[in-house]
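Engineer: 3D model of this:
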Amino acid sequence: MSSSSRPSSSLSSSLSSSSLLGSSSSAPHPLAPYGWDAEWEAEFAPYAAQGLLPGRVVRVDRGQCDLVTADGTVRADTEFVTPRDPLKVICTGDWAAVDPDGGDPRYVRAYLPRRTSFVRSTSSKRSEGQILASNVDHSIIAVSLAAELDLGRIERFLALGWESGGQPVVVLTKADLVPDGATLAHLVQDVETAAPGVQVLAVSATSGQGVDVLAAVVSGGTSVLLGQSGAGKSTLANALAGADIMEVQAIRDIDGKGRHTTTTRNLLLLPAGGVLIDTPGLRGVGLWDAGTGVGQVFAEIEELAEDCRFHDCAHTAEPGCAVLAAAEDGTLPERRLDSYRKLIRENQRIVAKTDARVRAELRREWRLRGAEGRAAMEIKRGRVR
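Structural biologist: Here you go, the predicted model:
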């Protein structure tokens, strides 16, 4: 494993200092800075009775993982937590039960049920899901202002963020590259229209703009940092950590994109409180059973749909469609409606691949629409008597 993909020794130092918090019943638990609480302790009780130790997974790599425990960081084998289902493999952010000191190798025996998880569909044709981080409270979506804003991609990230169970936050990085405050305010406003109910922050890790605000947001739990390569995630992670823990590479001048600085998902302890899971740049962001998340991203369309004449209105050509009426009078931007339709269709296809009932419903819908289309053509050609 190259040093560029592994957090520096400052992470190990922070883990060691955490283990010095004291062992008396009145002292904080050594794992409290990493999110350990009374509920996790109750969940772990059966494993504690077996003599196993609790630990939080800070990285996973080639059949092994690093966990932070009350005794510091340990390396353990993941053979017993590598099932065939990719959504059930051990993941950065999991709370796990690991062998006590003395075994060689040490094994992770199990992990506790996840409270939340950030999942996307893989790029494989098998349409499998991939879990990127678990037990997250915030999904920090990093978007570079060095490139043209892609609101559709932001909406896609937001749908997955809402579906994960965590609170999404959009961070517009490299704000120092925007020439003036008026332009920056306009860009923030554009993103806010695509992210209802989501905090949008303009941040510059170079100048420090907005970093203190973001640090306060993420101080209350576990956050996962997501975005494309070149979005400045590693630079932002270093700014929040107050140290050069993650290596930073320059973006390419030819297209403004970056190489994958982070090659694994790393959990970092933040000095202002909270922990941050830094992830590799994501080229593809496929939805994975994110119907609820899509609905939250497009809350205004879901609200309009309640006034449609038909409860199963597809918002395409149905009479009495409140959504189409809003698009026609300009209340609803056409771009938002197009993006909504696209994500709904994509999510239906993903769900249909694993749910026979949904597949059958989609087939019936396609046959009905096909019949309606053929009937409309017959009328247009004057063949209906």
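Engineer: and Glu328, how far is that from Leu337?
Structural biologist: 10 Å (CB to CB, to the nearest Å). Any C-beta I mention is one placed from the backbone N, CA and C, and that applies to glycine too.
Engineer: Neighbour count for those two, which is higher?
Structural biologist: Leu337 (18 against 11; other CB atoms under 10 Å).
Engineer: right, and that one touches Thr316 too?
Structural biologist: No. Using CB atoms under 8 Å, Leu337 is not in contact with Thr316, being 10.1 Å away.
Engineer: For the strand or helix carrying Pro46, buried residues please.
Structural biologist: In the assignment (DSSP states H and E), Pro46 maps to helix 38-48. Buried residues in helix 38-48, counted by 16 or more other CB atoms under 10 Å: 40, 44, 47.
Engineer: And stretch 46-58, by the same measure?
Structural biologist: If you call a residue buried by 16+ other CB under 10 Å, then stretch 46-58 has these buried ones: 47, 52-58.
Engineer: between those, which is closest to Arg156?
Structural biologist: Relative to Arg156, the closest of these is Val57; by CB to CB it sits at 26.6 Å.
Engineer: doesn't that closest one fall inside a helix?
Structural biologist: No. Counting by DSSP: H, G, I helix; E, B strand; the rest coil, Val57 is not part of a helix but strand.
Engineer: How about it: what's its closest non-neighbour residue?
Structural biologist: Asp94 (4.6 Å; CB to CB, 6 or more residues apart in numbering).
Engineer: tally of neighbours for the one you found?
Structural biologist: Quick note: Asp94 (other CB under 10 Å) scores 26 neighbours.
Engineer: How about the backbone phi and psi for it?
Structural biologist: phi -70, psi 150 (degrees, to the nearest 10).
Engineer: heads up, I number from 21, so please use that
Structural biologist: Will do, 21 is the new start, and the previous item becomes Asp114.
Engineer: That one reaches Ala153, doesn't it?
Structural biologist: No. Using CB under 8 Å, Asp114 makes no contact with Ala153, being 9.3 Å away.
Engineer: how much space between Asp114 and Lys362?
Structural biologist: Applying CB to CB, the value for Asp114 to Lys362 is 33 Å.
Engineer: For the chain, which segments are assigned as helices?
Structural biologist: For the chain, the helices defined by DSSP state H occupy 29-38, 58-68, 171-184, 201-214, 231-238, 253-261, 311-317, 319-325, 342-348, 354-372, 376-400.
Engineer: Just put the ones you listed in a markdown table and tack on mean pLDDT.
Structural biologist: Formatted as a markdown table, the helices of the chain follow (pLDDT from 0 to 100):
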| stretch | mean pLDDT |
| --- | --- |
| helix 29-38 | 41 |
| helix 58-68 | 97 |
| helix 171-184 | 91 |
| helix 201-214 | 96 |
| helix 231-238 | 95 |
| helix 253-261 | 91 |
| helix 311-317 | 87 |
| helix 319-325 | 94 |
| helix 342-348 | 95 |
| helix 354-372 | 88 |
| helix 376-400 | 51 |
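Engineer: With Leu51 as the reference, name the closest of those.
Structural biologist: Short answer: helix 29-38, nearest of those by CB to CB, at 7.3 Å.
Engineer: Burial check on Arg365, number of neighbours?
Structural biologist: Count around Arg365 with other CB under 10 Å applied: 11.
Engineer: Can you say which of the helices of the chain is nearest to Leu165?
Structural biologist: Once the helices of the chain are compared by CB to CB, helix 201-214 is nearest, at 6.4 Å.
Engineer: okay, the angle between the closest one and helix 171-184?
Structural biologist: Interaxial angle, helix 201-214 versus helix 171-184 (axes from the mean of the first three to the mean of the last three CA atoms, to 10 degrees): 50 degrees.
Engineer: in helix 201-214, what counts as buried?
Structural biologist: 204, 207-208, 211, 214.
Engineer: and the angle for it with helix 354-372?
Structural biologist: Going by the same axes, to 10 degrees, helix 201-214 makes 40 degrees with helix 354-372.
Engineer: ok, and what's touching helix 201-214?
Structural biologist: Helix 201-214 has contacts (CB atoms under 8 Å, 6 or more residues apart in numbering) with 163, 165, 169, 171, 174-175, 178, 190, 192, 195, 198, 218, 220, 222, 317, 353, 356.
Engineer: Could you find the closest non-adjacent residue to Ile321?
Structural biologist: Of all residues not flanking Ile321 in the chain, Tyr360 sits nearest, at 5.2 Å (CB to CB, 6+ apart).
Engineer: The closest residue to Pro291 other than its chain neighbours: neighbour count?
Structural biologist: Residue nearest to Pro291 in three dimensions, not counting chain neighbours: Gly262, with 5.0 Å by CB to CB, 6+ apart. Here the number of neighbours of Gly262 (other CB under 10 Å) works out to 13.
Engineer: Just the pLDDT for Gly262.
Structural biologist: pLDDT recorded at Gly262 is 85.
Engineer: for Pro50, same thing?
Structural biologist: As predicted, Pro50 sits at a pLDDT of 94.
Engineer: Run a quick neighbour tally on it.
Structural biologist: Pro50: 22 neighbours (other CB under 10 Å).
Engineer: which residues touch Leu363?
Structural biologist: Residues in contact with Leu363 (CB under 8 Å, 6+ apart) are 175-176, 179, 307, 310, 314, 317-318.
Engineer: Dump those into CSV; add distance to Leu324 and neighbour count as well.
Structural biologist: Output for those, formatted as CSV (distance: CB to CB, whole Å; neighbours: other CB atoms under 10 Å):
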residue, distance to Leu324, neighbour count
Glu175, 17, 22
Arg176, 21, 25
Ala179, 18, 28
Leu307, 22, 23
Ala310, 20, 27
Val314, 15, 25
Val317, 14, 31
Phe318, 10, 26
